[in-house]
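Participant: show me the folded form of this:
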Amino acid sequence: MVTLSSSPLPPLPIVDGVAPSYLWLPVGDWPNLLTFLEQRFPAIDSATWIARMERGEVVDGKGARLKPDSPYRRGSCIFYYRELEAETPIPFEETILYQDDRILVADKPHFLPVIPTGRFLHETLLVRLKKKTGLANLTPIHRLDRETAGVVIFSHDIASRGAYQSLFQQRVVDKVYEALAPTLPDLARRLPLVYRSRMVDGTPFFRMQEVAGEPNSETRIELIEQRAETSLYRLRPLTGRKHQLRVHLAALGIPIVNDAFYPDAHPCKGDDFSTPLKLLARAIGFQDPLSGRQHYFESGRAL
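Facilitator: This is a model prediction of the structure:
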């Protein structure tokens with residue numbers, strides 16, 4: 001689970017639930033903006049960028065329209081809309097668990113990304129919720145992997161967003177996950193246990209790996225029930241490293257059912273929705289930093 005930071009205030013409106021993307025122009029020497037965009041995004045041809053500019057869909061931080069021959073100014077921020085020619089519908093629905101004047105809590109299905117990325121734009125939790133609610137300032141304050149289902153908290157009030165983000169930074173949020181993984185009798189007799197390790201970026205780039213050194217990740221693991229060859233485990237991450245739960249269970253010899261990354265990376269399944277990762281963000285609890293109210297939100301899904 002990863003805490004998210006704020007982004008620049010966009011000068012373009014939300015269109016069909018999609019907010020404009022933004023890009024800080026890096027150090028470099030390009031004769032004009034179009035040349036830079038062609039090199040930065042080789043899959044998008046110049047005609048497409050020119051058409052977007054003519055429609056006023058590429059602007060600077062003040063909302064001024066940019067043209068193909070606009071000078072390249074490193075360090076400035078530009079805004080534009082992402083476009084996808086085709087996007088596969090994800091046939092699972094999210095549920096809104098709670099909403100007040102500051103936050104919204106959703107129950108995310110498997111396979112649905114939290115935010116637009118790569119080949120996903122409209123088929124993301126953020127864009128779906130914006131369309132449903134009309135909340136223009138909706139932003140997730142933490143994140144789940146696309147493969148993981150369960151509880152996600154959003155902020156839709158800019159003024160209070162930092163207060164909720166700080167809860168995750170200070171590790172005062174109680175997070176409970178459930179996972180379906182192999183039954184290992186020798187391990188079951190040792191549970192509950194706390195597993196710690198040092199995790200760093202691995203290879204390929206999308207994986208994490210454990211290395212020797214001071215632990216920077218910690219998970220409490222409990223057994224809920226045995227189901228013959230598989231068991232249901234309760235996981236309480238005390239830190240929030242990328243893929244932490246998946247790495248820890250694989251290291252213990254009980255990789256999560258249908259995990260395509262750990263212990264070994266398997267070929268991408270594309271749009272195959274038949275084998276979801278058996279990992280669920282079951283519940284989140286915390287004390288509201290503004291009202292003092294104790295919140296507890298639980299997913300209605302089951303593994």
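Participant: ok, residues contacting stretch 116-129?
Facilitator: With contact meaning CB atoms under 8 Å, 6 or more residues apart in numbering, stretch 116-129 is reached by 16-18, 21, 82-84, 87-90, 94, 96, 104, 106, 108, 112-115, 135, 138-140, 146, 152, 154. C-beta: built from backbone N, CA, C; applies to glycine.
Participant: one more: stretch 24-43?
Facilitator: 23, 44-46, 49-50, 58, 66-78.
Participant: now Ala43, what's its secondary structure?
Facilitator: coil (DSSP: H, G, I helix; E, B strand; the rest coil).
Participant: burial of it, as a residue count?
Facilitator: For Ala43, the neighbour count with other CB atoms under 10 Å is 5.
Participant: gap between it and Thr219?
Facilitator: 39 Å (CB to CB, to the nearest Å).
Participant: hmm, back to that, buried among the contacts of stretch 116-129? Make that a ChimeraX selection.
Facilitator: Remark: buried members of the contacts of stretch 116-129, expressed as a ChimeraX selection using 16 or more other CB atoms under 10 Å:
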select :17,18,90,94,104,106,108,112,113,114,115,135,138,139,140,146,152,154
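Participant: picking up where we left off before, which among the contacts of stretch 24-43 end up buried?
Facilitator: With burial judged by 16+ other CB under 10 Å, the buried subset of the contacts of stretch 24-43 is Trp49, Val58, Leu66, Pro68, Ser70, Tyr72, Cys77, Ile78.
Participant: check contacts around the third one.
Facilitator: Listed by CB under 8 Å, 6+ apart, the contact partners of Leu66 are Leu33, Met53, Val58, Val59, Asp60, Ile78.
Participant: which one is the last one nearest to, not counting chain neighbours?
Facilitator: Sequence neighbours aside, Leu23 is the residue nearest to Ile78 in space, at 5.5 Å (criterion: CB to CB, 6 or more residues apart in numbering).
Participant: now do the same for the one you found: helix, strand or coil?
Facilitator: strand.
Participant: can you check Leu245 too?
Facilitator: helix.
Participant: repeat that for the one 4 residues further on.
Facilitator: Per three-state DSSP, the local secondary structure of Leu249 is helix.
Participant: and the strands in the chain, which stretches?
Facilitator: 21-24, 58-60, 77-80, 95-99, 103-108, 139-140, 149-155, 174-182, 193-201, 208-211, 217-227, 230-237, 279-287, 294-298 (DSSP state E).
Participant: could you list the low-confidence segments of this protein?
Facilitator: Across the chain, the ranges flagged by pLDDT under 70 are 1-7, 85.
Participant: the longest helix in it is where?
Facilitator: helix 158-169 (DSSP state H).
Participant: that one - contacts with which helices or strands?
Facilitator: Contacts defined by 3 or more CB pairs under 8 Å, 6 or more residues apart in numbering; DSSP states H and E place helix 158-169 against strand 149-155.
Participant: now the nearest residue to Gln165 once chain neighbours are set aside: how far from Val127?
Facilitator: Once flanking residues are discounted, Gln165 sits nearest to Ile141: 5.0 Å by CB to CB, 6+ apart. Distance of Ile141 to Val127, given as CB to CB: 17 Å.
Participant: can you dump the C-alpha atoms of stretch 10-22 in PDB for me?
Facilitator: C-alpha atoms of stretch 10-22 as PDB (Å, rounded to 0.1, in the frame of the first residue of the first chain):
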ATOM      1  CA  PRO A  10      -4.800  21.400 -13.700                       C
ATOM      2  CA  PRO A  11      -6.000  24.300 -15.900                       C
ATOM      3  CA  LEU A  12      -8.100  21.900 -18.000                       C
ATOM      4  CA  PRO A  13     -11.400  20.500 -16.900                       C
ATOM      5  CA  ILE A  14     -12.300  16.900 -16.200                       C
ATOM      6  CA  VAL A  15     -13.900  15.300 -19.300                       C
ATOM      7  CA  ASP A  16     -16.000  12.100 -18.900                       C
ATOM      8  CA  GLY A  17     -14.300  11.500 -15.600                       C
ATOM      9  CA  VAL A  18     -10.800  11.900 -16.900                       C
ATOM     10  CA  ALA A  19      -8.500  14.600 -15.500                       C
ATOM     11  CA  PRO A  20      -5.700  15.900 -17.700                       C
ATOM     12  CA  SER A  21      -2.300  14.400 -17.400                       C
ATOM     13  CA  TYR A  22       0.700  16.600 -16.700                       C
END
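Participant: contacts for that stretch?
Facilitator: 7-8, 57, 59-63, 77-82, 116, 121-122, 127-128, 130-131, 136.
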